[in-house]
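*Asks:* Pasted the sequence and its predicted model underneath.
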Amino acid sequence: MKRISLIVLLALGLGFWSCDKNDNFIPFFSVEDDKALGLQVSQEIANDPSFTLLSNAEYPEAYEYLNNMVSNILNSGEVAYKDNFVWQVTIVQDDSTLNAFATPGGYIYVYTGLIKYLESADALAGVMGHEIAHADLRHTSRNLQKQYGVSILLSILLGDNAGQLEQIAGQLAGTVAGLAFSREFETEADLKSVEYLAQTEYACDGAKIFFQRLEEMGQSGGTPEFLSTHPNPDNRIENITEKAEEEDCDTTLIPESGYEAFQANLP
């Protein structure tokens, strides 16, 4: 009886607290739940033979460069969960895929194809800022809450359905499309990237460079995988540009940053 009462109270509490005064969705998962799910997803990815992950031991220079970039963004003073999440970056070896994605808890994956496609540190920093924002804004948790509803999440949190968490993690890792977000979430991440980079050495509108290059290249060869999992509204570049103007931040590309050497350190 007490257990039923607890579930009812939690459900009622969720109904009350699911929106704030600005009608913004508030995740039911705690920060620790985000970290647990992210860890589970990372383990699923590590055990999935379809992913070829580069190790830090074999490519220390590449990881040092990438980790320094991420550290600069995290130290912008704008990342809410800077000290709470793992913020672990992994390079996926796949030159044919233009993609990057983030799991809950700050596990970030970036493909060699995307790194080699981009031509500047500012462009990659824009993408990394975008992915950090997805984790920091807890977009996956918010998606799961909408998708699975209160009852299943409560069963997981109360320890009654541990297998469900593993199943969800497996689905996220197995499809990566499970980490796809709405246009609203993509816009949030784009704009947050500008705020992050505005406090760094990188051009604050770096997130738009990827999409500008796609336009210049005419998206030859079909739609990149990055856009399969990240919807690309027509006004995306415009939104980032307007946000940079609003922030009045520096959009100058940084001088020689060792980006070409970083690319050359990859297989």
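*Replies:* On my side now, so go ahead. Numbers count the residues shown, from 1 in each chain.
*Asks:* in stretch 123-138, what counts as buried?
*Replies:* Judged by neighbour count using 16 or more other CB atoms under 10 Å, the buried positions of stretch 123-138 are 123-138. C-beta coordinates here come from the backbone N, C-alpha and C atoms, glycine included.
*Asks:* List just the nearest of those to residue 76.
*Replies:* residue 129 (8.5 Å; CB to CB).
*Asks:* Report the rounded mean pLDDT for stretch 250-257.
*Replies:* Per-residue pLDDT over stretch 250-257 has a mean of 91.
*Asks:* To clarify, my last question referred to stretch 203-215.
*Replies:* Here the average pLDDT along stretch 203-215 is 91.
*Asks:* Which positions within that stretch qualify as buried?
*Replies:* Within stretch 203-215, the residues that count as buried by 16+ other CB under 10 Å are 203, 204, 205, 206, 207, 208, 209, 210, 211, 213, 214.
*Asks:* quick one: the helices in the stretch 51-200 of the chain?
*Replies:* 60-74, 112-117, 121-136, 139-157, 162-175, 183-197 (DSSP state H, counting those that start in this stretch).
*Asks:* I'd like to know how many residues surround residue 248.
*Replies:* 8 (other CB atoms under 10 Å).
*Asks:* Can you list phi and psi of it for me?
*Replies:* Note on residue 248: its backbone torsions stand at phi 50, psi 50 [degrees, to the nearest 10].
*Asks:* list the contacts for residue 95?
*Replies:* Neighbouring residues of residue 95 by CB atoms under 8 Å, 6 or more residues apart in numbering: 112, 113, 116.
*Asks:* How about residue 198: what's its closest non-neighbour residue?
*Replies:* Leaving aside its sequence neighbours, residue 198 sits nearest to residue 249 (CB to CB, 6 or more residues apart in numbering; 3.6 Å).
*Asks:* my guess is the one you found meets residue 201, correct?
*Replies:* No: assessed by CB atoms under 8 Å, residue 249 is found out of contact with residue 201, at 11.5 Å.
*Asks:* Adding distance to residue 84 and mean pLDDT, write the helices of the stretch 51-200 of the chain out as TSV.
*Replies:* Shown next, in TSV, are those (distance: least, CB to CB, whole Å; pLDDT from 0 to 100):
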stretch	distance to residue 84	mean pLDDT
helix 60-74	11	98
helix 112-117	27	96
helix 121-136	9	97
helix 139-157	13	65
helix 162-175	19	58
helix 183-197	16	94
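*Asks:* just so I know, which of the ones you listed lies nearest residue 255?
*Replies:* Nearest to residue 255, of these and by CB to CB, is helix 121-136 at 9.9 Å.
*Asks:* Tell me which of residue 249 and residue 201 has more neighbours.
*Replies:* Neighbours were counted for residue 249 and for residue 201 using other CB under 10 Å; residue 249 has more, 18 against 15.
*Asks:* Can you give me the neighbour number for residue 78?
*Replies:* Number of residues near residue 78 (other CB under 10 Å) recorded here: 21.
*Asks:* how close does it get to residue 259?
*Replies:* 23 Å (CB to CB, to the nearest Å).
*Asks:* if we can go back for a sec, if you compare the helices of the stretch 51-200 of the chain, which one is most tucked away?
*Replies:* Most buried of the helices of the stretch 51-200 of the chain, by mean neighbour count (mean count of other CB atoms under 10 Å): helix 121-136, with a mean of 26.
*Asks:* angle of that one against helix 183-197?
*Replies:* Between helix 121-136 and helix 183-197, the angle comes out at 120 degrees (axes from the mean of the first three to the mean of the last three CA atoms, to 10 degrees).
*Asks:* what's the angle between helix 121-136 and helix 60-74?
*Replies:* Using the same axes, to 10 degrees: helix 121-136 against helix 60-74 is 60 degrees.
*Asks:* can you start the count at 15 instead of 1 from here on
*Replies:* Okay, residue one is now 15; in that scheme the one you just asked about reads as helix 135-150.
*Asks:* Return the list of helices and strands in contact with helix 135-150.
*Replies:* Counting contacts by 3 or more CB pairs under 8 Å, 6 or more residues apart in numbering; DSSP states H and E, helix 135-150 packs against helix 74-88, strand 114-117, strand 121-125, helix 126-131, helix 197-211, helix 223-231, helix 273-278.
*Asks:* could you dump the ones you listed to a markdown table with distance to residue 60?
*Replies:* What follows is the helices and strands packed on helix 135-150, written out as a markdown table (distance: least, CB to CB, whole Å):
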| stretch | distance to residue 60 |
| --- | --- |
| helix 74-88 | 16 |
| strand 114-117 | 12 |
| strand 121-125 | 10 |
| helix 126-131 | 17 |
| helix 197-211 | 25 |
| helix 223-231 | 27 |
| helix 273-278 | 23 |
